[in-house]
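In: Structure of the sequence below:
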Amino acid sequence: QVQLVESGGGLVQAGGSLRLACVASGSIFRINAMGWYRQAPGKQREWVARIPRAGSTNYADSVKGRFTISRDNAKNTVYLQMNSLKPEDTAVYYCNGKFRLDSWSLSEYEYWGQGTQVTVSS
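Out: The predicted structure follows:
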């Protein structure tokens, strides 16, 4: 019912920047909070950043001051601007969103994107 498609990953040198985008499509009434997670090889998936529909953003300590999450509600899109990248930022980055599918129900459903690879070389 809802699809999330990430883009913008790639290979970058340490100190460089990348901008990830995630577009949501499908049978959507409203998108509530959206976020980014990442999973490095051999490690568990970890939370990176979160942005509510309105209000303050939140970041993991490891990316605070370097990454910026933003969203464009008209385009059903969430972005992650990543600056001053480090080799330890290398991971598959996943988009996550919580959606209301109908106007008459407050039920919220969570969906994930397929991930985009970010590789930072030293």
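In: Quick check: the most far-flung residue of the chain relative to its centre vs residue 29, distance?
Out: Residue distances from the centre of the chain (C-alpha atoms, centre = their mean) peak at residue 104, which lies 27.5 Å from the mean C-alpha position. Taking C-beta to C-beta, to the nearest Å as the measure, residue 104 falls 9 Å from residue 29. C-beta coordinates here come from the backbone N, C-alpha and C atoms, glycine included.
In: again, but for residue 76
Out: 11 Å.
In: Comparing these two, which shows the higher neighbour count?
Out: Taking residue 76 and residue 29 together and counting by other C-beta atoms under 10 Å, residue 76 has the greater number of neighbours (19 against 11).
In: which ones are touching that one?
Out: Shown here is residue 76, whose contacts under the criterion C-beta atoms under 8 Å, 6 or more residues apart in numbering are 23-25, 28, 31.
In: Closest one of those residues to residue 41?
Out: The closest of the contacts of residue 76 to residue 41 turns out to be residue 23 (C-beta to C-beta; 26.3 Å).
In: hang on, isn't that closest one packed against residue 79?
Out: No - contact criterion C-beta atoms under 8 Å: residue 23 and residue 79 do not qualify, at 10.2 Å.
In: Looking at those two, which one has more neighbours?
Out: For residue 23 versus residue 79, neighbours defined as other C-beta under 10 Å are more numerous around residue 79 (20 against 16).
In: The more buried one pairs with what?
Out: Taking DSSP bridges, one obtains residue 21, residue 70 as the residues bridged to residue 79.
In: Identify the residues contacting it.
Out: Contact partners of residue 79, counting by C-beta under 8 Å, 6+ apart, are 19-22, 69-72.
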